[in-house]
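Engineer: Here's a sequence, model it:
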Amino acid sequence: MDLTKATITDIKKNMTRLSVNINKIALLRNSRGGQLPDVIKTALDCERYGAEGITVHPRPDERHIRYQDVLDLKEVIKTELNVEGNPVDKFVELIHTVHPAQVTLVPDAPNALTSNQGWNTIRHYKFLSEIISEFKRIGVRVSIFIDPEEKFVEGAKECNADRIELYTESYAKDYLINPEKSIEKYINSAKKAIELGIGINAGHDLNLHNLKYFRVNIPNLLEVSIGHALISDSIYFGLENTIQLYLRELK
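Structural biologist: Numbers count the residues shown, from 1 in each chain. The predicted model follows:
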């Protein structure tokens, strides 16, 4: 069947973008010192293999992605650079310098091993509103990392965020027990986001086993950010093949 350009464009609009989180590559590099594996080359290879974005989450202690990595990535990334983090002063300065396509606000504590909660967008309304306004003023799209609660979606809208990122750890855990039950809150949150006109991203513990079910059931899912599972799978399948496997689940 021949597809017109307009049809192809419509299909692409309905696809969920895959942004590859390369924190684990940086963690491996830092464990030994030097530049192996090469974080910048890995990001470029991910793009070359089909990734539609690169995600990094620098922590204040720079235990994996370093602030300099973000500066270097901005110079070479051809898709979208998504920078995640808690907007402490150093992070805010970084965003002003880098001007990534998207910043994802995550309320992670400095000693947190990984992201473990979403924002209470009601309690932190004033703070989030101010920082979102600051980032949007310089032309950066802002997403807020939230638990799947409709009230937090409404709060994100009140804060004037462009998107939410649904924190999917509970989905991934409960999916192994009861897939239908595991996704209920996420469906309701997505419907609320659509009603309010706010974009939907998702991330955390999504993998080759649970990604397709999530994508099929969440309407208007614009982007998923996947790092740990994807990088782990690449040890067995190779990076190029792994990215293609994830893209297949999304399309």
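Engineer: hey, let's count contacts and neighbours off CA atoms from now on
Structural biologist: Will do.
Engineer: Count residues in the vicinity of the residue lying closest to residue 15 once chain neighbours are set aside, would you?
Structural biologist: Nearest non-adjacent residue to residue 15, counting by CA to CA, 6 or more residues apart in numbering: residue 251, 6.1 Å away. Neighbour count for residue 251, taken as other CA atoms under 10 Å: 14.
Engineer: Would you mind naming the helix or strand containing residue 156?
Structural biologist: Here residue 156 is covered by helix 150-158, with elements defined by DSSP states H and E.
Engineer: Just the CA trace of stretch 42-62, in PDB.
Structural biologist: Below are the C-alpha coordinates for stretch 42-62, written out as PDB (Å, rounded to 0.1, in the frame of the first residue of the first chain):
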ATOM      1  CA  THR A  42      26.700   6.300  23.000                       C
ATOM      2  CA  ALA A  43      24.100   9.100  22.800                       C
ATOM      3  CA  LEU A  44      24.900   9.600  19.100                       C
ATOM      4  CA  ASP A  45      24.700   5.800  18.500                       C
ATOM      5  CA  CYS A  46      21.300   5.700  20.200                       C
ATOM      6  CA  GLU A  47      20.100   8.400  17.800                       C
ATOM      7  CA  ARG A  48      21.600   6.600  14.800                       C
ATOM      8  CA  TYR A  49      19.900   3.300  15.900                       C
ATOM      9  CA  GLY A  50      16.500   5.000  16.000                       C
ATOM     10  CA  ALA A  51      16.100   6.700  19.400                       C
ATOM     11  CA  GLU A  52      14.000   9.900  19.100                       C
ATOM     12  CA  GLY A  53      15.500  11.600  22.200                       C
ATOM     13  CA  ILE A  54      18.200  11.400  24.800                       C
ATOM     14  CA  THR A  55      17.500  11.700  28.500                       C
ATOM     15  CA  VAL A  56      20.000  12.500  31.200                       C
ATOM     16  CA  HIS A  57      19.400  13.000  35.000                       C
ATOM     17  CA  PRO A  58      22.400  14.700  36.600                       C
ATOM     18  CA  ARG A  59      22.500  14.500  40.400                       C
ATOM     19  CA  PRO A  60      24.300  17.100  42.600                       C
ATOM     20  CA  ASP A  61      27.100  14.500  43.400                       C
ATOM     21  CA  GLU A  62      27.500  13.700  39.600                       C
END
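Engineer: Which positions in that stretch come out as buried?
Structural biologist: In terms of neighbour count (16 or more other CA atoms under 10 Å), stretch 42-62 has its buried residues at 43-44, 46-47, 50-60.
Engineer: can you list the residues that contact that stretch?
Structural biologist: Residues outside stretch 42-62 that contact it (CA atoms under 8 Å, 6 or more residues apart in numbering): 17-23, 25, 64-67, 70, 73, 76-85, 90, 110, 225, 239-240, 243-244, 247.
Engineer: same thing but 6 Å
Structural biologist: By CA atoms under 6 Å, 6 or more residues apart in numbering, the residues outside stretch 42-62 that reach it are 17-21, 23, 65-66, 79-85, 240.
Engineer: between those residues, which is nearest residue 233?
Structural biologist: Nearest to residue 233, judged by CA to CA, of the contacts of stretch 42-62 is residue 240 at 10.7 Å.
Engineer: Give the partner strands of the helix or strand just after the helix holding residue 156 in its sheet and their orientations.
Structural biologist: Next helix or strand after helix 150-158 toward the C-terminus (DSSP H and E): strand 163-167. Strand pairing for strand 163-167, determined by DSSP bridges: strand 141-146 (parallel), strand 199-203 (parallel).
Engineer: returning to what we had before: average pLDDT for the helix holding residue 156?
Structural biologist: The average pLDDT for helix 150-158 rounds to 98.
Engineer: Deepest-packed of the strands paired with strand 163-167, please.
Structural biologist: strand 141-146 (a mean of 26; mean count of other CA atoms under 10 Å).
Engineer: Distance from the chain centre to it, please.
Structural biologist: 9 Å (CA atoms, centre = their mean, to the nearest Å).
Engineer: Perfect, I'm done here.
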